[in-house]
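**Q** how would this look folded up:
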Amino acid sequence: MRLALTYGSAWLAIQSVRTLGKQWAYKARVIEGHELVTQGPYSLVRNPIYLGMFGAILGVGLVFARWWTLLAAVVLFLGGNHIRISAEEQLLRETFGAKFDEYARRVPAFFPRHSNLSVGGGGTCRCPVF
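**A** Numbering: from 1, shown residues only. Predicted coordinates:
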């Protein structure tokens, strides 16, 4: 289960980067022709790369870490990501305005809602939510 969490989370992060394509970068920025990406992993959460990183930290931590080091890693990661997500979303809000606001109302920032998890023909996924 822990390995599945780790590998599944890494897969989510990689697929999210692929979905962004040339728009992805380490530093938050907007490029010429930038589009608001809302499909693929971005239809589940607005920040699937960070969710994937979080799941990988949990998975690896559950295998190798003592509980207190895992707890410290989780607290530091979530705190740092809150700061980064706020800055990135401010940039997107300035760039896309009402379009981003509508997306933000519909799709959660970090942890998916059960209603956002659907499969193929519109059925509900019975997957656990992080």
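
**Q** just checking, what packs against the helix or strand that contains residue 89?
**A** Residue 89 is located in helix 67-96, with elements delineated by DSSP states H and E. For helix 67-96, the packing partners by 3 or more Cβ pairs under 8 Å, 6 or more residues apart in numbering; DSSP states H and E come out as helix 48-64, helix 98-106. C-beta coordinates here come from the backbone N, C-alpha and C atoms, glycine included.

**Q** List the contacts of residue 92.
**A** By Cβ atoms under 8 Å, 6 or more residues apart in numbering, the contact list for residue 92 reads 36, 100.

**Q** about what we covered before: turn the helices and strands packed on helix 67-96 into CSV, including mean neighbour count and distance to residue 5.
**A** What follows is these, written out as CSV (neighbours: other Cβ atoms under 10 Å; distance: least, Cβ to Cβ, whole Å):
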stretch, mean neighbour count, distance to residue 5
helix 48-64, 19, 4
helix 98-106, 13, 26
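
**Q** ok, the residue nearest to the spatial centre of the chain - contacts?
**A** When Cα atoms, centre = their mean is applied to the chain, the residue found nearest the centroid is residue 48 (1.9 Å). Residues in contact with residue 48 (Cβ under 8 Å, 6+ apart) are 12, 13, 15, 16, 41, 42.

**Q** Right, I'll call it a day here.
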